[in-house]
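>>> Next one to model:
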Amino acid sequence: MAEEPAHKPALEADLDCSRSTIDRAIRRLESAGFVERTGEGYATTVTGRVAAENYRTYVAHQRAVDEATPVLSVLPPDCDLPPELLAGGSVDPADGDPHRAFERVGRALRDAERYRGVLPCLADSRHLRLLHARVVEDGLDADLAVAPDLADRLREEFPGLVAGLLDAPSCALRRAETPPYGLVVTDGDEGTAALLATYDEGTLAGTVENDAPAAIDRAREAVTAAVGGGSDVDPPDDRGDPGTTLIADRTARRRALTAAGVTRLDRTYFTERTPNDPETAWRLGFSLTDIYYGYAVDRADTDAGDPVADHSPDIDAAPAPTASALLADRLAGNPQVVIGPPGAGKTTLCRSVACRWVESGRGPVFYRDAAGAGGDLVEAIDAVTGGDRSGNALVVVEAATSAPEQFLELVGAARDDPSLTVLGEARERDWHETVDGMSEPRLREHARRDLATYRPPAVDERTCRRAVAAFERVTGREVPLSPSELHDRVENEGGVGEMHVLSYQIVAHAASAPWLDDPVGPSVLDEDVRAAYEALAPAARDDETLPMEVALLVATLTAAEEPVTPGILHAVAAARGADERTDRAHRRVEAVIEELDGRMLVVADDQRRYRTQHRQWATRFLERALDRAERETVALFERATNAVLSVADDEKRRRQTERWLGRESPAVRRFADGEAVDEFVETLFGLAFTRSSLAPLVGTTEHSGLDLSVCSPATRLEAISCRGKTWYDAGDPDRGEAELSTLCERAADVDVDAETRATYLAEGYRGLGEVVVDRGETEAAREHLERSLDAARDASPRHEVGAHNSLAWVAMTVDEYDRAESRLETALSVAEGIGPCGDHSDALYYRARLEQFRGDLAAAEEWLAETVEMDRAVGNEQNVSSSLKLRGDIAKERGDHERAARLYRRSVELKRDVRDRQGMAQTLFDFADLRLERGDHEAAETAFERSLEIARENDMTRHEGRVRGGLGRLAVERGDLGAAERQFRTQRQVHDDLNHRRGVAAADAGLGDVAVERGDYERARESYRESVATYRAIDDVRRRAEVTEKLADACRAAGDESAAAEWLATGREFAEAAGLDEWTTTFADRGDDLGAVEAGETPDE
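Here you go, the predicted model:
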């Protein structure tokens, strides 16, 4: 009624309440003088409007108080807190994560042009460090009042920072009586804001940010009063370095570092340790101490540029900067994460940077290797940012994806702390998948804005020369291979990590491994694995199996990049029988460990974990075991894995293992945590997913002996999902389909939250759709994918984009281009909201494929340019390989055959590395087709046959038909017309059954070619006409033009010059309409020549 008068019937309709209620309310409001009756209905009086406004203000204030309860509950009862600071504010409770909560304070300080604050305590030293950096480096105008106790603490613990603030003319640092809460007012480009912070025993409890004028006014009054009523903080007695801190509880902080698996490195650390035997270090990998004492090779950093470009660096040119030196320099600008495939030398590079940091005296290094990944990195952050260092501290985290949220919190801390530098290491594919899958935008922003990526340079001849020199220097042994020969062997090893293979090749040819009877041959890894397996495998059925059981566990943990520790290995003994036999079992495990020493593992410096072979070696060991004795290997793998899992819910076994070890085992204790068990199981299944040759180890849901009862329902669903994808990639689509069907059934019934259920339903049905579309079952594929899309809408936008992408591909396989375009437009629209990720780049890639199918190569290249840019941004090797293949297709269509061959080769290599067997089949076909065009029949036949073999193994029926067409064209070139006709007819039948009209058109064109070679021009004309009609129906103008020219030639050869002229004119017409200038000219010239011949003239050459 304050907006406009209203009669009672209107009020009754608007408020949806009874007439009696309206009557009663109006009477009471009239009695209070808040409303009055007018000729237009009841209207609010001036008194009523004021009362309503006061009531709304009260409600807003009370709502703000209610929302801020988690933040305000830590304040003392007598605290005088102005309510204006809360009304309309944005509340952010710490919820047990003060590091995250500090982000709001840090953001305000980073963006401020003027800063005024009151602090009763310092909950996070980043506040002081960031303020110091802004004042000293940027000249920030700052006034800060601190409580007396805090002033004394700052002078004692941070003398350098305090001295810098006191010396700055733009800063006033005052000692004053402060309220029990912090208050900051900042002015910046985004306006002015007030920030209230509360503390629970010195820890940040939460913040309230407010840009309301009343809140800003009250905050300014409080800060001005505190600053004006205080006195200057006295200069510190010991000004020290800006990063120097005198921490009273240094021992406690060191204890926190140890618990978090973090080691503090300085010169004392290395002087107290001795390196390993040089040959052992080169064979099993370099420890920090090995690297510090100069064992490792520090390769040159050469600019790799475009991944498809040829690079042949001059190894005699001026020395390039080393990778570790370049990376150390890059760290001066911002945090870095070293990413790359397994065996690329990422860990050695990070360790080299750490050693270089210590040697240079830049400051301490806080290092967490992969074996410490189970610890709490947040506690390590506390220890580091708490000030226990002098100089500029470097924090290095191996296997950053093991705790990505905590690692990125550390990256955020480094952004606010100029004296803190962060370096991480991770497998490239895992890193980007982890970042893409993060649910918290703030952490994704840290990863993409505050963290730079560095990829180690590829191994070239220069690196091989450096490696030989380094090995010969530390071992005194001569390497009997030239850098060129070494480089060739590295490249021919089949996709294994380059640095790992390089080390193996050097060791194997300079000094054979100690357990081998004969020198290692050219295939170093395979022969090495064979020798190790033969030494451990039981010779007869009744022989001892414990060595192989433990070896399989070591290999599995190594391949999965899980730490190998005595506690984990002795879990095998703890699971073997009653107490009276347990000690004997532990002694037997100890004997096995001794047998494995130098073969599969080496005890680390602290005697509490093992350094192992490289993960690729371990993977090949598992593959070797499965190849030689699959049933026995699976049984031993299941037994060892179940032994480890059994400690999860059996405290007695945990104590028993620790009693034997004589100490507490963090690795064993870890399994008391259900989340840690889930992570372990998901890692093991992820190993099989990334290496489908290991599929037998995880078996099938129905028949596997792995006991996953200790896992959460969600992890059991993840296991089924991995099984489905693993068996499909392993070339057993029937098992893959069965697992994916089981996944959909279990996800619908299992007790999980709605989002988890929707996620696995979306994955299961999408997987089923992709399985059946390769069999040509288009409608079944669409049905599965539509169900995936329905579930994806309740799961996540990424799953929704993925479902649309798959539906678009199904449409493209049957030449429904408009439907595919509509799906992709929807996918790209949804993807815009989630930013760069694999599914987003998939949508861009499919747009490029769509335009290529339509014959518009220019548009395809435009879409592909966006695809490649995003592929590189997210590091998606799978998409990179597909992008390279498509670039090869376009190069081939443009006639640049050498570039196309180079692109295809690189694509096949990447697809092999990521185990994309379908992609390998497709790229091998295109490579074969290219070699056929170049007249290299032997190479073409080899590639066609390999592509056909993969297609059969993976039920790629449509692709099998395509390869038949390629073999038909090869037979035509060789003059074997009978074989050619059989291949084309098989292709036509396969594609006709699948309703793949493009394939049918290609087969008809091939049959026309066979007829022409036989001189049967009438049959040729008939086949070509059918092909042209089909290409016209599916709107493939370029292919239509190619066959139309052949049809005109067949007409002319048959003596029908008139028909030939008509087809040439038709070709010119549709080519011109489609903007195909080259074909327009071709048809015009051919028509002119034909007209000249009919007129009895000699055509222009």
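>>> looking at the protein, which helix or strand is least sure?
When the helices and strands of the chain are scored by mean pLDDT, DSSP states H and E, helix 377-385 comes last with a mean of 61.
>>> which other helices and strands contact the helix or strand just after it?
Counting by DSSP states H and E, the next helix or strand C-terminal to helix 377-385 is strand 393-397. Judged by 3 or more Cβ pairs under 8 Å, 6 or more residues apart in numbering; DSSP states H and E, the packing partners of strand 393-397 are helix 346-360, strand 365-368, helix 377-385, helix 404-416, strand 420-427. C-beta here means a position set from N, CA and C on the backbone, and glycine is covered the same way.
>>> Now with 7 Å, please.
Applying 3 or more Cβ pairs under 7 Å, 6 or more residues apart in numbering; DSSP states H and E, we find strand 393-397 packed against helix 346-360, strand 365-368, strand 420-427.
>>> what about the ones you listed, which gets the closest to R934?
If you check each of the helices and strands packed on strand 393-397 against R934 by Cβ to Cβ, strand 420-427 wins as the nearest, at 37.4 Å.
>>> among the helices and strands packed on strand 393-397, which is nearest G48?
Ranking the helices and strands packed on strand 393-397 by proximity to G48 (Cβ to Cβ) places strand 420-427 first, at 59.1 Å.
>>> tell me the angle the closest one makes with helix 404-416.
Following axes from the mean of the first three to the mean of the last three Cα atoms, to 10 degrees, one obtains 150 degrees for the angle between strand 420-427 and helix 404-416.
>>> what's the longest strand in this protein?
The residue-count maximum for a strand in the chain (DSSP state E) belongs to strand 191-200.
>>> Contacts for it, please.
With contacts defined as Cβ atoms under 7 Å, 6 or more residues apart in numbering, strand 191-200 is touched by 71-72, 74-75, 85, 104-105, 108, 120-121, 123, 181-186, 204-211, 215-216, 219.
>>> Which parts of the stretch 901-1050 of the chain are helices?
917-933, 937-953, 957-974, 977-993, 997-1014, 1017-1033, 1037-1053 (DSSP state H, counting those that start in this stretch).
>>> could you dump those helices to a markdown table with mean neighbour count, distance to A676 and mean pLDDT?
A markdown table is the format used below for those (neighbours: other Cβ atoms under 10 Å; distance: least, Cβ to Cβ, whole Å; pLDDT from 0 to 100):
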| stretch | mean neighbour count | distance to A676 | mean pLDDT |
| --- | --- | --- | --- |
| helix 917-933 | 23 | 33 | 86 |
| helix 937-953 | 18 | 37 | 88 |
| helix 957-974 | 22 | 43 | 93 |
| helix 977-993 | 19 | 50 | 93 |
| helix 997-1014 | 23 | 51 | 94 |
| helix 1017-1033 | 21 | 58 | 94 |
| helix 1037-1053 | 22 | 56 | 92 |
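>>> I'd like those helices laid out as a markdown table, including distance to H586.
Output for the helices of the stretch 901-1050 of the chain, formatted as a markdown table (distance: least, Cβ to Cβ, whole Å):
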| stretch | distance to H586 |
| --- | --- |
| helix 917-933 | 43 |
| helix 937-953 | 45 |
| helix 957-974 | 54 |
| helix 977-993 | 61 |
| helix 997-1014 | 63 |
| helix 1017-1033 | 72 |
| helix 1037-1053 | 70 |
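>>> number of nearby residues for L828?
Using other Cβ atoms under 10 Å, L828 has 18 neighbouring residues.
>>> quick one: contacts for it?
A843.
>>> How about A730: what's its closest non-neighbour residue?
Once flanking residues are discounted, A730 sits nearest to S692: 3.9 Å by Cβ to Cβ, 6 or more residues apart in numbering.
>>> And for the one you found, the neighbour number?
S692: 18 surrounding residues under other Cβ under 10 Å.
>>> pLDDT score for it?
As predicted, S692 sits at a pLDDT of 79.
>>> ok, now V105?
V105 is given a pLDDT of 85.
>>> With the one 5 residues further on instead?
Confidence at R110, expressed as pLDDT, is 81.
>>> List the residues that contact it.
L130.
>>> Give me the residue ranges of the stretch 201-350 of the chain where confidence is low.
Scanning the stretch 201-350 of the chain for pLDDT under 70 picks out 238-256, 271-272, 274, 284, 300-322, 333, 342.
>>> Show me where it has its strands.
Taking DSSP state E, counting those that start in this stretch as the criterion, the stretch 201-350 of the chain carries its strands at 203-210, 231-232, 263-265, 336-340.
>>> Present the ones you listed as a markdown table; the columns should include mean neighbour count.
Conversion of those to a markdown table gives the following (neighbours: other Cβ atoms under 10 Å):
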| stretch | mean neighbour count |
| --- | --- |
| strand 203-210 | 22 |
| strand 231-232 | 11 |
| strand 263-265 | 20 |
| strand 336-340 | 24 |
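>>> Put together CSV for these, with distance to A1033 on each row.
Converted to CSV, these look like this (distance: least, Cβ to Cβ, whole Å):
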stretch, distance to A1033
strand 203-210, 62
strand 231-232, 87
strand 263-265, 69
strand 336-340, 47
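>>> So the protein: which segments form each domain?
8-67, 73-232, 250-311+319-458, 462-511, 513-672, 686-769+780-787, 960-1101 (automatic domain parsing).
>>> As CSV, these with distance to E825 would be great.
CSV is the format used below for these (distance: least, Cβ to Cβ, whole Å):
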stretch, distance to E825
domain 8-67, 40
domain 73-232, 35
domain 250-311+319-458, 22
domain 462-511, 37
domain 513-672, 40
domain 686-769+780-787, 17
domain 960-1101, 18
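>>> Out of the ones you listed, the one nearest V880 is which?
Across the domains of the chain, V880 has its closest neighbour in domain 250-311+319-458 (7.0 Å, Cβ to Cβ).
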